[in-house]
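give me a 3D structure for the following:
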Amino acid sequence: MKNINLSNFILLFSVLSFNFSIANENIKTFNKNNKFTSKDHINPKTKKNKKDNFVIDPPKLTAQGDQLYCPQTTINIVTDFTITHDPSENGTQELYIQISSGYSSGLDRLELTNPALHSNIITSWDAVSGKLKLAGLTAATVISYADFVAAVKDVVFTNSSATASGTRTFSITIGQANYLPSTGHYYLFTPNIGVTWTNARDLAAASTYYGLQGYLATVLSADEAKLIGEQATGTGWIGGSDAETEGVWKWVTGPETGTIFWNGNANGSTPNFAFWNTSEPNQLGDEDYAHITEPGVGIRGSWNDLSNTGDTNGNYQPKGYVVEYGGMPGEAPLEIAASTKITILVATPSANPSPVCDSGTFTFTATASIGATIGWYDAATGGNLLGTGTSYTTPSISTSTTYYVDAGCESNRKSVTATVNATPASPIAEQNTYSNCGPGSVTIKASSNIGIINWFTASTGGNSIFSGNNFVTPVISSNTTYYAESSNNGCINSTRIPVDIVIYTPPAVTNETLTLCQLQTITLDAGISGMNYQWSNGAATQTTTVNLGGTYTVDVTSPAPENCTSRKTILVEESKIPQIDRIDVEGTRAIIYLIKAEDYFEYSVDGINFQDSFIFYDVPAGLQTAYAREKSGCGQVTKQFVVLVFPPFFTPNNDTFNDVWEVTGMENYPQAEVTIFDRYGKLVAQLSRSKMGWDGNLNQIPLPASDYWYALKIDETMPVLRGHFTLKR
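Next up is the predicted model:
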């Protein structure tokens, strides 16, 4: 850091003291006694250069004003303020007032009142750092110490929150560096884009501030961390490093050199104070040096670890460094800064005392800011002072009452409440007896003039099983009694009233499925006599007759007082009578086709053996009868059919077996004719009802063994059946 601020102050002191015009290169430096010296100046009378040494004491600031403060009011930051200065100078260019601890950004503010009385001073408020700057109208304007003293006495503090709390410390200094009263040190952020940690360390060590030796800042408390992190004008290097031993972080600058403040990485621990950002330090790429994190990255004002150079751009590029002044061995403290503080008056009441039943007294307690007197009142504003001190006991009261407590600030009064609950009257049941048809839950109800009903399973003792005016019981299957008790916020009327639940058995019904034959009627029966009935078809008797299929229900209700209802459901399935459309015969296989087949039909070709399938195999030749019937007996139909069997061969050798070829079953068709041809298409025989078989001869001459073909014409309505057979000899 360059010593421009020091030079400017000393140059101003010299100008004010001697009324000279001094060139920029005439630099003042401090001697060992913390006084500063100018070796070159111009004699105002002779205008000649004169070599001379003189000593100017730094100004000494003293302030008084440790005060108590009410939120949302305005208070002067000092009750008295003086600047003691060397007779040879009487002013400077700038003065700073900072809220150096406890600062609440956005709520706290400093401002100069009566600006018309200080027309030669302008102010600027930095809300980030919580700092008010007082300066002349131009950068070169020197303001007398007397004017600064008058202005400081007119600087006021205000906080806009009604719930403000804590302490605010005000630092008043003629230097630009931030002054922290808790340490007595000065802190200055020096911008320097891209500066390395080692260069920042050396630059800080080469800088001085009113004779104090600079060093990279070491941070030992939350106050320091907030001042140089959150309230500083920039971010940058501080004096921590683990370059010597990885994971052992030490302060390596200033009077704290060698002090360990962290062991390990992000999940490490501290023997002292540390303020790492989330997941820091993380040792990414040999990061051995501590740095205040860029605003907007994690926790404001917290630290991260970087390499000596950091990044070349972005959030982790070094933007400068923080220099701390004060505390070096042999240094006497500067007095160019002074401080005052205010303590916000807040009374914090303890939790409200437990309620009482019907009437009683209450004792409230509260704590307050140091030095404040606690007062107890009967109104939020104004009202009567009921008592003072950390506790207050009310008279006996019979209604809930609100009291108020403050620590001297009416605007910051807090309410406390003494709650008196009345004991309720005995409960009243909506019904003394409830009933339920069969096992189940029952909603029972009771109420009182105030409060709520607690339900029990016993007339005395036991624990409540439910709280509420409407109690939905668990499933119960036998007669049960519950007991209702009135309660109002812990105030109990011990009289319990019984509420009975009677369980009735509903009528026992059985659902049925019945078959209704087509075009017939069926009688439905509820199955239990002596009840009340209500059928879905409107009937109100035990039985009802229907002629259509469908689902029918009947509500069977037992007589009063039970009045329990059970619902019986009867499914009536209407069955049609089958109708045969045709029967197809393929050799000895017969297929029965219905006009509309149903699952409840079954089939037979002998009238004895029935099956679900309508296909039959190996049906004997000849005239046969097909049967189709409804399974439950609703009806049956028949139809005759003929099975024709064409022998595949015959052997006319007079052994009585297969001696002739004939079509079995043809006799059932009077008009049927069969013509037989040899392999060359020559007609060799003709069969009819009068001649049913062929003996293998043509004109009484035996024909040779061979294959022969036939054509059967049953009548004009049916197709001709063709095939072949073999004559074997």
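
report the buried residues of the top strand by length along the chain.
If you go by DSSP state E, the chain has its longest strand at strand 491-504. Residues of strand 491-504 classed as buried: C491, N493, R496, I497, V499, I501, I503 (neighbour count, 16 or more other Cβ atoms under 10 Å). For glycine as for every other residue, the C-beta is placed from the backbone atoms N, C-alpha and C.

using the three-state scheme, assign the closest residue to L548 other than its chain neighbours.
Distances taken as Cβ to Cβ, 6 or more residues apart in numbering place E574 nearest to L548, at 6.7 Å, with adjacent residues excluded. Three-state call for E574 (DSSP: H, G, I helix; E, B strand; the rest coil): strand.

per-residue confidence for E574?
E574 carries a pLDDT value of 92.

next, the contact list for it, please.
Taking Cβ atoms under 8 Å, 6 or more residues apart in numbering, we find E574 in contact with T515, L516, C517, Q518, L548, G549.

just N308 next, same as before
T196, W197, T198, D288, Y289.

from the residues you listed, which land in helices?
Members of the contacts of N308 lying in helices (criterion: DSSP state H): W197, T198.

in TSV: the contacts of N308, plus distance to P620 and pLDDT.
Listed next are the contacts of N308 as TSV, based on distance: Cβ to Cβ, whole Å; pLDDT from 0 to 100:
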residue	distance to P620	pLDDT
T196	116	97
W197	115	97
T198	119	97
D288	110	96
Y289	112	97
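
put the buried members of the contacts of N308 into a PyMOL selection.
In PyMOL syntax, the buried subset of the contacts of N308 is picked out as below (16+ other Cβ under 10 Å):
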select buried, resi 196+197+288+289
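
any chance of the contacts of N308 in CSV, plus distance to Q317?
As requested, those are exported to CSV (distance: Cβ to Cβ, whole Å):
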residue, distance to Q317
T196, 11
W197, 13
T198, 16
D288, 17
Y289, 14
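
hang on, the earlier thing: output the longest strand of the chain as CSV, nothing but the C-alphas.
C-alpha atoms of strand 491-504 as CSV (Å, rounded to 0.1, in the frame of the first residue of the first chain):
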residue,chain,number,x,y,z
CYS,A,491,-59.6,-27.1,33.2
ILE,A,492,-61.6,-30.3,33.8
ASN,A,493,-65.1,-30.9,34.9
SER,A,494,-64.8,-34.3,36.5
THR,A,495,-68.4,-35.4,35.9
ARG,A,496,-68.4,-37.9,33.2
ILE,A,497,-71.6,-39.0,31.4
PRO,A,498,-72.1,-42.4,29.8
VAL,A,499,-73.0,-42.9,26.2
ASP,A,500,-74.2,-46.5,25.3
ILE,A,501,-73.8,-48.3,22.0
VAL,A,502,-76.1,-51.3,21.3
ILE,A,503,-75.1,-53.7,18.6
TYR,A,504,-77.9,-55.5,16.8
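
separation between the residue nearest to L548 and R629?
From E574 over to R629 the distance is 16 Å, taken as Cβ to Cβ, to the nearest Å.

thinking again about what came up before, so how far is G635 from the residue nearest to L548?
Counting by Cβ to Cβ, the gap from E574 to G635 is 12 Å.

shared neighbours of the two, which are they?
Shared contacts of E574 and G635 (Cβ under 8 Å, 6+ apart): C517, Q518.

adjacent strands (with direction) for the host helix or strand of T190?
Taking DSSP states H and E as the definition, T190 sits inside strand 185-191. Partners of strand 185-191 in the sheet, by DSSP bridges, are strand 178-180 (antiparallel), strand 320-325 (antiparallel).

list the buried ones in it?
Buried, per 16+ other Cβ under 10 Å, within strand 185-191: H185, Y186, Y187, L188, F189, T190.

again, but for stretch 444-462
Buried positions in stretch 444-462, judged by neighbour count with 16+ other Cβ under 10 Å: I444, K445, A446, S447, S448, G451, I452, I453, N454, W455, F456.

I'd guessed the fourth one sits against I453; true?
Yes: contact criterion Cβ atoms under 8 Å: S447 and I453 qualify, at 6.7 Å.

which neighbours do those two share?
With contacts taken as Cβ under 8 Å, 6+ apart, S447 and I453 have P427, N469 as neighbours in common.

okay, now the domains of this protein?
Under the assignment automatic domain parsing, the domains of the chain span 4-56, 57-184+328-343, 186-325, 345-421, 435-504, 512-575, 580-643, 649-727.

ok so, going back, mind giving me the packing neighbours of the helix or strand that the longest strand of the chain is followed by?
Beyond strand 491-504 in the direction of the C-terminus, DSSP H and E gives the next helix or strand as strand 512-517. Contacts defined by 3 or more Cβ pairs under 8 Å, 6 or more residues apart in numbering; DSSP states H and E place strand 512-517 against strand 522-525, strand 565-575.

for the last one, what is the distance to the chain centroid?
The gap between the average C-alpha position of strand 565-575 and the chain average comes to 51 Å, counting by Cα atoms, centre = their mean, to the nearest Å.

quick one, it and strand 512-517 angle?
30 degrees (axes from the mean of the first three to the mean of the last three Cα atoms, to 10 degrees).

identify each buried residue in strand 565-575, please.
Of all the residues in strand 565-575, those buried under the rule 16+ other Cβ under 10 Å are T565, S566, K568, I570, V572, E574, S575.

now, which of these sits nearest T399?
Closest to T399 out of the buried residues of strand 565-575 is T565 (52.6 Å), distances taken as Cβ to Cβ.

now the closest one, nearest residue through space, not along the chain?
For T565, the spatially nearest residue (Cβ to Cβ, 6+ apart) is T557, at 4.4 Å.

okay, that neighbour: pLDDT?
In this model, T557 carries a pLDDT of 97.

wait, what's in contact with it?
For T557, counting by Cβ under 8 Å, 6+ apart, the contacting residues are P507, M531, N532, Y533, Q534, N563, C564, T565.

mind redoing it with 7 Å?
M531, N532, N563, C564, T565 (Cβ atoms under 7 Å, 6 or more residues apart in numbering).

swap in T664?
A621, G622, L644, V645.

surely the first one and G665 touch.
Yes: in this structure, A621 is within contact of G665 by Cβ atoms under 7 Å, at 4.6 Å.
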